[in-house]
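Asks: Provided below are the primary sequence and the corresponding predicted coordinates.
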Amino acid sequence: MKVFKFGGASVKDAEGVINLAKIVKQFSDKDTVVIVSAMGKMTNAFEVIVHNLLNETSELEASLNYVEDYHSAIVSALFLDKNHSVFNAVETLFQDLKLLLKTNTSTNYNFVYDQVIGFGELLSTTIVSQYLNDIGVHNTWLDVRNYIKTDSNFRRANVDWDMTCQLISPLKQQNSICVTQGFLASDSENTTTLGREGSDYTSAIFAYALDAESVTIWKDVPGVLNADPRYFPNTQLLDQLSYREAIELAFYGASVIHPKTLQPLQQKEITLFVKSFLNPLEKGTKISQNQDVVPKVPCYIVKKNQILICISSLDFSYIVEENISDIFNILHVAKMKVNLIQNSAISFSICVEDTFTNLKYVLEQFQVKYKISYTSNVSLYTVRHYNDAAIAIIESNKHILVQQRTQDTLQIVTK
Ligand SMILES: Nc1ncnc2c1ncn2[C@@H]1O[C@H](COP(=O)(O)OP(=O)(O)O)[C@@H](O)[C@H]1O
Ligand SMILES: N[C@@H](CC(=O)OP(=O)(O)O)C(=O)O
C-alpha cells in the first residue's frame with residue numbers, strides 16, 4: 001500500500017484540486033490512502049475565527065464569511081452541476097460550524113481551537129473526495145477521527161498507537177482509494193489536532209499502521225532542498241537522505257517535513273518520497289535507510305520569531321543540575337520548545353519558540369529565583385555539514401548574539 005499526502009499549498013484553488021486528481025490518477029494504486037490538509041491558508045483563517053469567537057469581537061461573521069466564500073469559489077469552479085451532492089455536503093459542514101460557534105460555552109482556548117479548526121480538513125477532503133469520484137477516481141471518504149485516537153492534549157495531542165493501529169489496520173483489506181484528513185484525530189469524544197503542519201505526521205501514522213511500502217508527500221518544491229528557497233537563493237535538491245539526517249533537519253526546523261513524521265517511518269523502514277506536485281515526474285528526494293546526504297552539501301535552516309532568554313543566578317552561584325531541572329519543568333508546563341541551549345558557570349541561555357503564548361508566565365516563574373534578560377524576535381540559523389564557505393555565508397551581515405558549534409552542526413542566534 002502507498003500513502004500520499006497533499007498539503008494546503010497543493011489544494012489552494014480549483015486548479016490545485018484538478019492537479020491533485022491527475023496525480024492520484026496517474027501515480028496511485030487502487031488501495032492508496034490519500035491524506036489532505038486544509039485548503040491554502042485556511043487553517044490560519046480558522047484561527048482568526050477562534051480568536052474572534054473567544055474574544056467576542058465584531059469580526060466573527062466577517063471571518064466566517066471569508067472562509068465560506070473561499071470554499072464556495074472552489075466548489076463552484078470544480079462542479080458545474082449545481083445539483084451535485086457536494087454543495088449539500090459543504091453547506092452541512094458550514095451549518096455544523098455555525099451551530100458550534102453559536103452554542104459554544106467553553107472558554108478553554110485549546111479545546112475550542114481543535115473543534116473549530118478541524119472544519120478546514122473536513123471541508124477540503126469532502127471537496128477532493130467528491131471531485132475524484134466525479135472524474136471516475138473512485139474513493140471512500142474516511143473520517144480520520146474514527147481511526148487516529150489520542151489523549152486530550154488539545155492542539156498537540158499524543159497518539160494512542162495501540163488503539164490507532166487496531167483501528168487502521170483493517171483498511172489493509174480495503175480495495176479502494178481512501179481519502180481522509182491530515183492533522184485531525186480524536187480523544188474519546190472530541191476532535192483533537194496533532195500540532196500545526198501535522199498532516200505529514202498523519203501520513204506516517206497511516207503508513208506505520210498499514211505497513212505501507214512508501215509515503216509520498218507532494219510539495220510545492222522539487223523535494224528536500226539544502227535550504228528553504230524562501231530565504232536562501234541557489235538551493236540544491238537533496239536526492240537522498242537517511243532517516244537520521246532527515247530527522248536532524250526537521251528537528252532544527254526544516255519545515256518541509258513535520259519533525260514527528262520520520263520516526264514511525266524509520267521504525268518500519270518505510271521509504272518517504274518528497275516530490276513536487278508541480279512536476280510529479282521528477283524524482284524528488286528519497287528518504288530511507290541509506291547514505292546520510294546525497295549530494296553532501298551544507299544544509300541551511302532558519303527559524304524566525306524565536307526568543308532568546310538568558311537566565312542567571314541572583315547571587316553569582318553556579319547554575320547546576322537542580323536549577324536546570326527547575327528551568328525545564330517550567331518550560332515543559334508552558335509547552336515551550338527549546339531550540340538551543342548554551343550554559344556557562346552562572347548563566348544559562350535558551351532559544352525558544354512561544355507557540356502557546358506563554359512567555360509572560362515563563363518569565364514570571366523564572367524571575368522568582370533568577371535574573372532574567374530576554375530578546376524577542378531573534379532568528380536561529382543552523383548549518384548541518386558546514387564548511388568555511390558556509391560559515392562565511394551564514395555569518396555575513398548579521399548581528400550574532402549566540403554561536404555554537406559541534407562537529408556537524410553550527411548554530412547562530414541573530415537579531
Ligand atoms: N529544506 C527545505 N527544502 C524544501 N522546502 C523547504 C525547506 N525548508 C523549508 N521549506 C519550505 O517548505 C515549504 C513546503 O512545506 P509546507 O509549506 O509545509 O507544505 P505543505 O503545506 O504542502 O505541507 C516550501 O515551500 C519551502 O518554502
Ligand atoms: N492544515 C494544518 C495541517 C497541515 O499539515 O497543513 P499543511 O500540510 O498545509 O502544512 C496546518 O496548516 O497546520
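Replies: That came in fine, so what should we check first? The structure presented is a predicted model; accordingly, all values stated were derived computationally and were not measured. Ligands and ions are numbered 1, 2, ... in the order given.

Asks: the domain parsing of the chain - what is it?
Replies: 2-219, 299-414 (automatic domain parsing).

Asks: identify the residues contacting the helix or strand hosting residue 88?
Replies: Using DSSP states H and E, residue 88 maps to helix 85-103. Residues from elsewhere that reach helix 85-103, judged by Cβ atoms under 8 Å, 6 or more residues apart in numbering: 49, 53, 60, 64, 68, 71-72, 75, 78-79, 115-116, 119, 122-123, 126-127, 130-131. Just so you know, the C-beta spots here come from the backbone N, C-alpha and C atoms, and that holds for glycine as well.

Asks: need the winner for burial among the domains of the chain.
Replies: domain 2-219 (a mean of 19; mean count of other Cβ atoms under 10 Å).

Asks: that one near ligand 1 anywhere?
Replies: Yes: judged by Cβ under 6 Å from any ligand atom, domain 2-219 comes into contact with ligand 1 at 7, 8, 9, 10, 197, 219.

Asks: residues in contact with the closest residue to the second one other than its chain neighbours?
Replies: The one in question is residue 8. Excluding its sequence neighbours, the residue lying closest to residue 8 (Cβ to Cβ, 6 or more residues apart in numbering) is residue 37, at 4.7 Å. By Cβ under 8 Å, 6+ apart, the contact list for residue 37 reads 5-8, 11, 43, 120-121, 124, 181-183, 199.

Asks: rerun that using 7 Å as the cut-off
Replies: 6, 7, 8, 121, 124, 182, 183, 199 (Cβ atoms under 7 Å, 6 or more residues apart in numbering).

Asks: swap in residue 203?
Replies: 3, 5, 35, 182, 215, 217.

Asks: got JSON lines for these, with secondary structure and distance to residue 207 too?
Replies: Shown next, in JSON lines, are the contacts of residue 203 (DSSP: H, G, I helix; E, B strand; the rest coil; distance: Cβ to Cβ, whole Å):
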{"residue": "3", "secondary structure": "strand", "distance to residue 207": "5"}
{"residue": "5", "secondary structure": "strand", "distance to residue 207": "10"}
{"residue": "35", "secondary structure": "strand", "distance to residue 207": "10"}
{"residue": "182", "secondary structure": "coil", "distance to residue 207": "13"}
{"residue": "215", "secondary structure": "strand", "distance to residue 207": "5"}
{"residue": "217", "secondary structure": "strand", "distance to residue 207": "11"}
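
Asks: in this structure, which residue sits nearest ligand 1?
Replies: When scored by Cβ to the nearest ligand atom, the chain has residue 7 as its residue closest to ligand 1, at 2.0 Å.

Asks: just to revisit the earlier point, tell me which of the contacts of residue 37 fall in strands.
Replies: residue 6 (DSSP state E).
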